[in-house]
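Visitor: task: produce atomic coordinates for the following.
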Amino acid sequence: MVRDFYFDKILLLCFIILIIYGIVFVFSATSVPSLLNNKDPYYYLKKEIIWVTLGLIAMFISYLIPISVWKKISYPAAVISVFLLLAVLIFPAEIKGTSVKRWLDLGFFKLQPSELAKLATVLFLANYIHRKSKDLKSWDAILSSLTIPVLISGLILIEPHKGAAFFILILTFMIMFSANYDWKKLIIFPAIAVPIFSYVFFSSEYAYKRILALIDPMGYKDQFSYQVFQSILSFAKGGLTGEGIGAGTQKLRYLPEIHTDYIYALIGEETGFIGATFLVLIFVVILIKGLKMSVQLDDTFSQVLGVGLTYLIVLQGLFHFSVNTSILPPTGFTLPFVSYGGTSLIVMSISAGILLRLSKEPVRTVFHRRQY
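Guide: Predicted structure coming up:
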């Protein structure tokens with residue numbers, strides 16, 4: 001049995017703090033630049049509040065849905081995700097007069113299928129591992145587990161969105177390494193995948209320039225390392241306590257996409273090392289609470305689902321932090337619950353809702369199953 005309307009209060013508090021961060025810093029990032037362009041300074045704030053409201057509704061609905069339902073829809077969700085990724089290659093959205101094969105234009109908003117694919121990958125793996133839990137040591141189990149994730153990564157790579165494709169593969173192997181697979185067999189695939197992915201990545205001149213920008217941001221700061229240099233400068237200007245919320249200057253046409261891909265750099269500038277570190281600690285708490293809660297669950301599907309969703313949220317945050325601090329090259333990762341963006345916020349809210357639902361599920365003890 002599950003506990004009626006129970007949820008992990010610490011996890012919920014972490015999600016709410018991140019959402020508040022998002023509202024505050026999306027407004028900070030967009031209000032003054034909008035004024036400078038003679039536009040409504042509240043335009044992005046209004047849209048962000050709408051997305052946050054929809055996200056909270058999605059979180060609440062996801063919390064109410066029984067875990068058995070998520071298990072039933074896991075395979076169909078993976079199939080739908082593949083079809084959406086195919087659709088985006090055939091019917092790309094038009095953004096600023098250019099066809100972009102990362103978005104589907106649904107009229108009232110633009111959908112990014114790669115974000116949905118991340119959640120679908122977790123659901124697929126959770127159900128597959130649950131069904132094959134007694135036979136995960138075989139080659140057949142490993143290869144079958146990789147079919148959907150590899151297909152999804154391949155379609156995302158065609159868009160092209162190399163960062164998201166790489167993210168899916170890392171997320172997949174993190175989940176599989178956390179399950180009961182034969183790690184000696186499993187380790188072969190990253191050993192093969194890394195060189196192949198590196199070749200694909202470096203064969204692109206655009207991607208190669210991003211690597212150069214990461215290695216020597218000062219040397220190319222007026223060329224293709226402009227974003228990298230400006231991001232580093234944001235943290236340098238922030239110092240220990242920051243320049244004050246709303247008082248940052250990097251958003252004044254210096255750092256592009258500051259309300260999405262580089263919002264952590266803005267937070268570092270305006271709240272300093274203290275504010276930026278506090279945000280990282282929130283994700284550390286989510287990681288610890290999510291994993292601790294998941295491994296105690298009484299059902300294999302629930303365990304893998306909880307671990308996978310925790311990895312999804314935290315890994316996305318880690319990628320965003322790494323790009324903003326120039327540990328990784330610019331790859332277009334939003335910061336969960338904080339960056340401006342509809343599809344990402346909805347997907348992360350659904351993931352959070354499922355985690356909160358899992359926190360009320362029956363747990364396993366050494367001697368017996370505890371009932372609530």
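Visitor: got the contact list for residue 32?
Guide: Counting by Cβ atoms under 8 Å, 6 or more residues apart in numbering, residue 32 makes contact with 41, 246, 251, 252. Backbone N, C-alpha and C define where each C-beta goes, glycine included.
Visitor: one more: residue 321?
Guide: So residue 321 contacts 264, 280, 327, 335 (Cβ under 8 Å, 6+ apart).
Visitor: reformat these as a markdown table; add pLDDT and distance to residue 170.
Guide: Formatted as a markdown table, those follow (pLDDT from 0 to 100; distance: Cβ to Cβ, whole Å):
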| residue | pLDDT | distance to residue 170 |
| --- | --- | --- |
| 264 | 96 | 19 |
| 280 | 97 | 19 |
| 327 | 86 | 14 |
| 335 | 96 | 17 |
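Visitor: now, which of these lie within helices?
Guide: Among these, the ones falling in helices (DSSP state H) are 264, 280.
Visitor: which one of the contacts of residue 321 sits closest to residue 18?
Guide: Nearest to residue 18 among those: residue 335, at 8.2 Å, using Cβ to Cβ.
Visitor: could you measure the closest one against residue 75, distance?
Guide: Computed with Cβ to Cβ, to the nearest Å, the distance linking residue 335 and residue 75 is 30 Å.
Visitor: now residue 6
Guide: 29 Å.
Visitor: looking at the two, which is more packed in?
Guide: In this view residue 6 and residue 75 are compared by other Cβ atoms under 10 Å, and residue 75 has more residues nearby, 16 against 13.
Visitor: just checking, what packs against the host helix or strand of that one?
Guide: In the assignment (DSSP states H and E), residue 75 maps to helix 67-90. Applying 3 or more Cβ pairs under 8 Å, 6 or more residues apart in numbering; DSSP states H and E, one finds that helix 67-90 makes contact with strand 104-105, helix 113-131, helix 139-158, helix 300-324, helix 342-358.
Visitor: ranking the ones you listed by mean pLDDT, which is last?
Guide: The minimum mean pLDDT among these belongs to strand 104-105 (a mean of 84).
Visitor: each with direction, which strands does it pair with?
Guide: Strand pairing for strand 104-105, using DSSP bridges, gives strand 110-111 (antiparallel).
Visitor: which parts of stretch 180-196 are buried?
Guide: Buried residues in stretch 180-196, defined by neighbour count with 16 or more other Cβ atoms under 10 Å: 180, 181, 186, 189, 193.
Visitor: again with stretch 325-338
Guide: Buried residues in stretch 325-338, defined by neighbour count with 16+ other Cβ under 10 Å: 325-326, 328-338.
Visitor: those in strands, which ones?
Guide: Judged by DSSP state E, strands contain none of those.
Visitor: hmm, which two among those are most spread apart?
Guide: Maximum distance among the buried residues of stretch 325-338 (Cβ to Cβ): 23.8 Å, for 329 and 337.
Visitor: just want the angle from the helix or strand residue 19 falls within to helix 300-324.
Guide: Here residue 19 is covered by helix 9-36, with elements defined by DSSP H and E. Here helix 9-36 runs at an angle of 40 degrees relative to helix 300-324 (axes from the mean of the first three to the mean of the last three Cα atoms, to 10 degrees).
Visitor: after helix 9-36, which helix or strand is next?
Guide: Next element after helix 9-36 (DSSP H and E): helix 43-64.
Visitor: pLDDT on that following helix, on average?
Guide: 96.
Visitor: tell me, what's the model's pLDDT at residue 289?
Guide: At residue 289, pLDDT is 96.
Visitor: for it, phi and psi?
Guide: The phi/psi pair for residue 289 (degrees, to the nearest 10) reads phi -70, psi -40.
Visitor: tell me how many other residues surround it.
Guide: Residues contacting residue 289 under the criterion other Cβ under 10 Å number 17.
Visitor: equivalent analysis for the one 3 residues further on, please.
Guide: Look at residue 292: counted by other Cβ under 10 Å, it has 12 neighbours.
Visitor: please identify which helix or strand holds it.
Guide: Residue 292 belongs to helix 263-295 when elements are defined using DSSP H and E.
Visitor: next, the buried residues of that helix.
Guide: Neighbour count says helix 263-295 has 263-272, 275-276, 279, 282-283, 286-287, 289-291, 293-294 buried, by 16+ other Cβ under 10 Å.
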